[in-house]
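S.K.: Here is the input, now give the coordinates:
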Amino acid sequence: MYLKKEFKKNFLPIAGLLAVALLVGLSSAQRASWWGDSVGFVTAGEPEKCWRPLAGIGLLLILEAVVTIGEGRLIGLAFDRTFLAVRKRCFGRLLGAEYGSLEAAYGKGNLISRIASETDRLNEMFTSNFTWFSRTILLGVISLISCLLLCWQLSLVFFLLIPVFLKVSDRISAGIKKQKTEAADSMGDAVDIALNFAEAAEVIKAGCGEAYVRKKYEDCIWRAQEENRASEQINARLVIVKYAVSVLQLLVLFVLGYGCIRAGMITIGQYATFVLLSENVRSLLELSPYILSTLREGAALAGRIEEICQFPEERVEGLPVPEDNASGMLAEIRHLDFSYQPGQPVLKNLSLSVPEHTRIGVIGESGFGKSTILKLLCGLYDDGADHLFWKGQAYAATDRRKIREQIALVPQDPFLFSGSVFENICCGREDITEEAAREALRQAQIWEEIERLPGGLYAQVGEGGRNLSGGQRQRLAIARAFLADAQLVLLDEATSALDQQAEAKVEAALDHLLENRTAVIVTHRMKGLKHADYIYCIAEGTVKEEGTPDGLLRRRGYFYEMMKKQGIEREGGPDDGTEQ
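M.R.: Numbering: from 1, shown residues only. Alright, predicted model coming up:
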């Protein structure tokens, strides 16, 4: 387990914390012993002898204060460093995970909950509770041993209830881990729903879907509340058992203690020491329900975080990308079957070829799998990698990150980081100069608008690019593609969500981008195919027709019917190659 490995790496500071707890436990036991000696001297009429044990108690208290000062530093070394590594590991696994597996396994809210709030909660558990728990446990054990050495008969009866209590507590608390896991899952689902609303608030409100979303959200938090309530009921039962045992122990202590003193088995001073030490054992007994429930909750959170830490990484190692391309075919999909769910195929026996310096159009009704085709060409899925080829070499045998370096994707809804324009078009590339960025923005037909913004090239785009219009965000994505200087450009409905004026500006930018480049243009609108040299018509996950635009029109098949359906007519009839 990754968490266990990280704790092993920080063994020394953790061992230091345990050593401090052990030292404080031994010191407390010794203080109790010296206090009992003082009580014995006073009852024997020799109070002048009390100064030595009392001075010893004072010195031990100073020693405990000194070691406690260094304890904070050890906690930072032991746990802050550990959970920093855990956060890095979790996020690294997300970045390196196979996209399809990650997409199927978790929602956004679930991931955020695990990486952020649940990791913070587990870190807080360790930093806040480790010292407290370790001190209480070690002090309780040391006190128990000291009590046995003082008077084993009294100890045997007094502590007889402890194993019974611990067994009952363990059985009662067994369900907490499961309930805490299910509560965390439900809260992750609730965060997912909240994120979905934040991303599509206008759609939900425009469609009067608030009541539906509210119900889904409230159902999730209600399930989480019910699981937490069930675990709290378990804790309540533990508290009842704890106090019942504590009352019985106090009765045993006074009744049997009096008998042991009368029988000469123990002195009054030793009895005073026994009372102080037994209080430490009783504190451990009273804290044990909270310790057990915290450990169960911690195990649940650790299990959820461990799932992310152990999530399988994407297989990217492989052969280098071929430099030569004698066939002239840049990318290919050959007889591919693909599905997200078993028995629900998205693509069936799909074949698609992308020759160099050719612009391929892919069209079909909404939901025909266009985004899936682009993701497959980007090498985001392990499934089907044997049916995808780059310059004749299978994706499955190639380092897919090297393939992606030669691909530029312009999505329908470009994602922008919260940062500057420069940061967003460079996407982490440190070799991009300001002049190169400005030139890319000029080619994307947006530099004049960016120049007028406060900060110009370093103007802040806001979260998700909210400070920019849809058309400006789209042209920034095109500027990214210019800077990438990619061999293959992938366009996903690049103008479908824009008004006429913004669409005209984006079209002008695309004209520059696609000049002398290989491209795959995926759309459900005929208007989006103006740059296409060759077109694939896809329906029900398979290729219905393919050919040049004029050739497809002359066939009067699927492509021709789609044109009629979308109200696009040709001057001079379908055999004429001009578009009105």
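
S.K.: mind checking which helix or strand of this structure has the lowest mean pLDDT?
M.R.: Ranking every helix and strand in the chain by mean pLDDT, DSSP states H and E puts helix 201-206 at the bottom, with a mean of 52.

S.K.: Following that helix in sequence, what is the next regular element?
M.R.: Toward the C-terminus, helix 201-206 is succeeded by helix 210-262 as the next helix or strand (DSSP states H and E).

S.K.: According to the record, where do the domains of the chain fall?
M.R.: 2-181+229-309, 329-414+487-565 (automatic domain parsing).

S.K.: Check the ones you listed for me: which has the lowest mean pLDDT.
M.R.: Of all those, the minimum mean pLDDT falls on domain 2-181+229-309 (a mean of 80).

S.K.: Endpoint to endpoint, that domain covers what distance?
M.R.: End-to-end distance for domain 2-181+229-309: 7 Å, by Cα to Cα, to the nearest Å.

S.K.: what would the domains of the chain look like in a markdown table with distance to Cys427 and mean neighbour count?
M.R.: Heads up, the C-betas are built off the backbone N, CA and C, glycines and all. Shown next, in a markdown table, are those (distance: least, Cβ to Cβ, whole Å; neighbours: other Cβ atoms under 10 Å):
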| stretch | distance to Cys427 | mean neighbour count |
| --- | --- | --- |
| domain 2-181+229-309 | 13 | 17 |
| domain 329-414+487-565 | 11 | 18 |
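
S.K.: Any chance of those domains in a markdown table with distance to Cys426 as columns?
M.R.: Shown next, in a markdown table, are the domains of the chain (distance: least, Cβ to Cβ, whole Å):
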| stretch | distance to Cys426 |
| --- | --- |
| domain 2-181+229-309 | 18 |
| domain 329-414+487-565 | 13 |
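
S.K.: Would you mind saying which of these lies nearest Val321?
M.R.: domain 329-414+487-565 (4.6 Å; Cβ to Cβ).

S.K.: What's the end-to-end length of the closest one?
M.R.: End-to-end distance (Cα to Cα), domain 329-414+487-565: 33 Å.

S.K.: who are the neighbours in contact with Ala21?
M.R.: By Cβ atoms under 8 Å, 6 or more residues apart in numbering, Ala21 lies in contact with 131, 134-135, 137-139.

S.K.: how about a cut-off of 7 Å?
M.R.: 131, 134-135, 138 (Cβ atoms under 7 Å, 6 or more residues apart in numbering).

S.K.: Next, check the residues you listed against the helices and list the overlap.
M.R.: 131, 134-135, 138 (DSSP state H).

S.K.: Next secondary structure element downstream of the helix or strand hosting Ser27?
M.R.: Element membership of Ser27 [criterion: DSSP H and E] is helix 11-43. Note on helix 11-43: by DSSP H and E, the next helix or strand toward the C-terminus is helix 51-75.

S.K.: Which elements pack onto that next one?
M.R.: Contacts defined by 3 or more Cβ pairs under 7 Å, 6 or more residues apart in numbering; DSSP states H and E place helix 51-75 against helix 11-43, helix 119-150.

S.K.: So which other helices or strands are in contact with the shortest one?
M.R.: When you say that, I think you mean helix 119-150. Going by 3+ Cβ pairs under 7 Å, 6+ apart, helix 119-150 lies up against helix 11-43, helix 51-75, helix 81-96, helix 268-309.

S.K.: Any idea which of these gets closest to Val421?
M.R.: Nearest to Val421 among these is helix 81-96 (23.6 Å), distances taken as Cβ to Cβ.

S.K.: what angle separates the closest one from helix 119-150?
M.R.: In terms of direction (axes from the mean of the first three to the mean of the last three Cα atoms, to 10 degrees), helix 81-96 departs from helix 119-150 by 150 degrees.

S.K.: So which elements touch helix 81-96?
M.R.: Using 3+ Cβ pairs under 7 Å, 6+ apart, helix 81-96 sits against helix 2-9, helix 119-150, helix 268-309.

S.K.: residues of stretch 212-232 that come out buried?
M.R.: 213, 216-217, 220, 223-224, 227-228, 230-231 (16 or more other Cβ atoms under 10 Å).

S.K.: Tell me the one of the residues you listed nearest Trp35?
M.R.: Of these, the one sitting nearest to Trp35 (Cβ to Cβ) turns out to be Ser231, at 39.6 Å.

S.K.: From Ser186, how far off is that closest one?
M.R.: Distance, Ser231 to Ser186, by Cβ to Cβ, to the nearest Å: 13 Å.

S.K.: Just give the closest residue to Cys309, not the sequence neighbours.
M.R.: In space, and not counting its chain neighbours, Cys309 is closest to Tyr2: 3.9 Å by Cβ to Cβ, 6 or more residues apart in numbering.

S.K.: and the one you found, how far is that from Lys9?
M.R.: Note on Tyr2: its distance to Lys9, by Cβ to Cβ, is 11 Å.

S.K.: returning to what we had before: could you dump the helices and strands packed on helix 119-150 to CSV with distance to Gly551?
M.R.: Output for the helices and strands packed on helix 119-150, formatted as CSV (distance: least, Cβ to Cβ, whole Å):
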stretch, distance to Gly551
helix 11-43, 71
helix 51-75, 73
helix 81-96, 44
helix 268-309, 51
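
S.K.: And these: which comes nearest Asn349?
M.R.: Each of the helices and strands packed on helix 119-150 has some distance to Asn349 by Cβ to Cβ; the shortest is helix 81-96, at 31.6 Å.

S.K.: quick one: the closest one to chain centroid distance?
M.R.: 9 Å (Cα atoms, centre = their mean, to the nearest Å).

S.K.: angle of it against helix 11-43?
M.R.: In terms of direction (the same axes, to 10 degrees), helix 81-96 departs from helix 11-43 by 150 degrees.

S.K.: For helix 81-96, C-alpha coordinates in CSV please.
M.R.: Output in CSV follows, covering the C-alpha atoms of helix 81-96 (Å, rounded to 0.1, in the frame of the first residue of the first chain):
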residue,chain,number,x,y,z
ARG,A,81,5.7,15.6,4.6
THR,A,82,3.8,12.3,4.3
PHE,A,83,0.6,13.9,3.1
LEU,A,84,2.3,16.3,0.8
ALA,A,85,3.7,13.2,-0.9
VAL,A,86,0.3,11.6,-0.9
ARG,A,87,-1.3,14.6,-2.6
LYS,A,88,1.4,14.7,-5.2
ARG,A,89,1.0,11.0,-5.8
CYS,A,90,-2.8,11.3,-6.1
PHE,A,91,-2.6,14.1,-8.6
GLY,A,92,0.2,12.4,-10.5
ARG,A,93,-1.9,9.3,-10.8
LEU,A,94,-4.8,11.4,-12.2
LEU,A,95,-2.5,13.0,-14.8
GLY,A,96,-1.0,9.7,-15.7
